[in-house]
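Peer 1: Whatever this is, show me its structure:
(4 chains)
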Protein chains: 2
Amino acid sequence: MEASSNEFLRGTLKTIVLKLLAEQGRMYGYEITQSVKERTSGEITLTFGALYPVLHKLEQDGFLMTESEEVDGRLRKYYSLTPSGNATAVQKVSDFERFVEAMQSLLRPQNGEISLAKL
Amino acid sequence: MEASSNEFLRGTLKTIVLKLLAEQGRMYGYEITQSVKERTSGEITLTFGALYPVLHKLEQDGFLMTESEEVDGRLRKYYSLTPSGNATAVQKVSDFERFVEAMQSLLRPQNGEISLAKL
DNA sequence: TTTGATATATAAAAAACTTATATATATATT
DNA sequence: AATATATATATAAGTTTTTTATATATCAAA
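Peer 2: Okay, here's the model as predicted:
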């Protein structure tokens, strides 16, 4: 019953994180994984081993800032966007949309394929 | 003037190659790079360093078969799909479309963002 | 003759991701 | 009381994928 690890996720992780933070203001790591799972009906699952390194990298690069809070005796590390993180979020979402359009022009059925599908 | 290397291309290379071969019947490496560049108006550019290893890998995995031909004194290695390659092509294109739908549900502007964009 | 287009290929390095592991608290179940 | 599950972050080892650089070779055009 495991959601098969998605090869297409490669390269989109930063975009997802930046976009969710742009939208939500601030989130903590665990919350991001849950949010992605829910909103995609389980289609996309972020693993912690992938997420945390990405969060640290984005922080290093000056796109994110953090504040730690103790909630119910557990530590939460909230991430939010810096101004340059915000700009990058906008850019990356737009880049992804352009990429998908380019992919559609490759993956759209061409000439002969339609008739085959009609059989 | 270089097309900036596209991070989103990660993980989609095999899908692109399989789909083009499913559509065109047979192609050689160089032809694949040119076709992708043209059809995406330069948006997606496959590098040879990435393409050839992928072609070899797909051949190893039994998805592609090859025939070499000499054309104008130069060697061309034509690739075409095996039956399992054909099935994989169909599967991967469908997987990619599902992935894009999932991504849309993450990247679509939510609640507050629309009004911000309207300012 | 040298540049650009055509054509394939590999090796070294970097980047990204998976899998496994570690730690710790709270709640629900047996 | 013990165990499992959910919450929460983190890192290390290993694999895969991709980038960048390099090598080889023919043909056509400037």
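Peer 1: Please determine how far the closest residue to residue A:103 other than its chain neighbours is located from DNA strand C.
Peer 2: Of all residues not flanking residue A:103 in the chain, residue B:12 sits nearest, at 6.7 Å (Cβ to Cβ, 6 or more residues apart in numbering or on different chains). (Each C-beta comes from the backbone N, C-alpha and C, glycine too.) Relative to DNA strand C, residue B:12 is positioned 12 Å away (Cβ to the nearest atom of the strand, to the nearest Å).
Peer 1: Residue B:12: neighbouring residues, count only.
Peer 2: Using other Cβ atoms under 10 Å in any protein chain shown, residue B:12 has 23 neighbouring residues.
Peer 1: so it makes contact with residue A:106?
Peer 2: No. Counting by Cβ atoms under 8 Å, residue B:12 does not reach residue A:106; the two are 9.1 Å apart.
Peer 1: What about the residue nearest to residue A:103? Give its phi and psi, please.
Peer 2: Main-chain torsions, residue B:12, degrees, to the nearest 10: phi -110, psi -10.
Peer 1: and what of residue A:11?
Peer 2: With angles defined as degrees, to the nearest 10, residue A:11 sits at phi 90, psi -10.
Peer 1: how far away is it from residue A:109?
Peer 2: Applying Cβ to Cβ, to the nearest Å, the value for residue A:11 to residue A:109 is 25 Å.
Peer 1: Alpha carbons of stretch A:64-82, as CSV, please.
Peer 2: Presented in CSV, the C-alpha positions along stretch A:64-82 are these (Å, rounded to 0.1, in the frame of the first residue of the first chain):
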residue,chain,number,x,y,z
LEU,A,64,14.4,30.6,4.6
MET,A,65,14.6,31.7,8.2
THR,A,66,13.7,29.7,11.3
GLU,A,67,12.2,30.1,14.7
SER,A,68,12.0,27.2,17.2
GLU,A,69,9.1,26.7,19.5
GLU,A,70,8.3,24.1,22.0
VAL,A,71,4.8,22.7,21.6
ASP,A,72,3.4,20.0,23.9
GLY,A,73,6.9,19.2,25.1
ARG,A,74,8.1,18.6,21.5
LEU,A,75,10.4,20.9,19.5
ARG,A,76,9.0,22.5,16.4
LYS,A,77,11.2,24.4,14.0
TYR,A,78,9.1,26.9,12.0
TYR,A,79,10.4,28.0,8.6
SER,A,80,9.4,31.1,6.7
LEU,A,81,10.5,32.9,3.6
THR,A,82,13.0,35.7,3.4
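Peer 1: what residues does it touch?
Peer 2: The contact list for stretch A:64-82, computed with Cβ atoms under 8 Å, 6 or more residues apart in numbering or on different chains, reads A:18, A:21-22, A:25-30, A:55, A:58-59, A:62-63, A:85, A:89.
Peer 1: Packing partners of the helix or strand hosting residue A:56?
Peer 2: Per DSSP states H and E: residue A:56 is located in helix A:48-60. With contacts taken as 3 or more Cβ pairs under 8 Å, 6 or more residues apart in numbering or on different chains; DSSP states H and E, helix A:48-60 sits against helix A:13-24, helix A:29-39, strand A:64-71, strand A:74-81.
Peer 1: mind redoing it with 7 Å?
Peer 2: Helices and strands touching helix A:48-60, by 3 or more Cβ pairs under 7 Å, 6 or more residues apart in numbering or on different chains; DSSP states H and E, are helix A:13-24, helix A:29-39, strand A:64-71.
Peer 1: got CSV for these, with mean neighbour count and distance to residue B:7 too?
Peer 2: Compiled in CSV, these are given as follows (neighbours: other Cβ atoms under 10 Å in any protein chain shown; distance: least, Cβ to Cβ, whole Å):
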stretch, mean neighbour count, distance to residue B:7
helix A:13-24, 22, 8
helix A:29-39, 16, 18
strand A:64-71, 12, 18
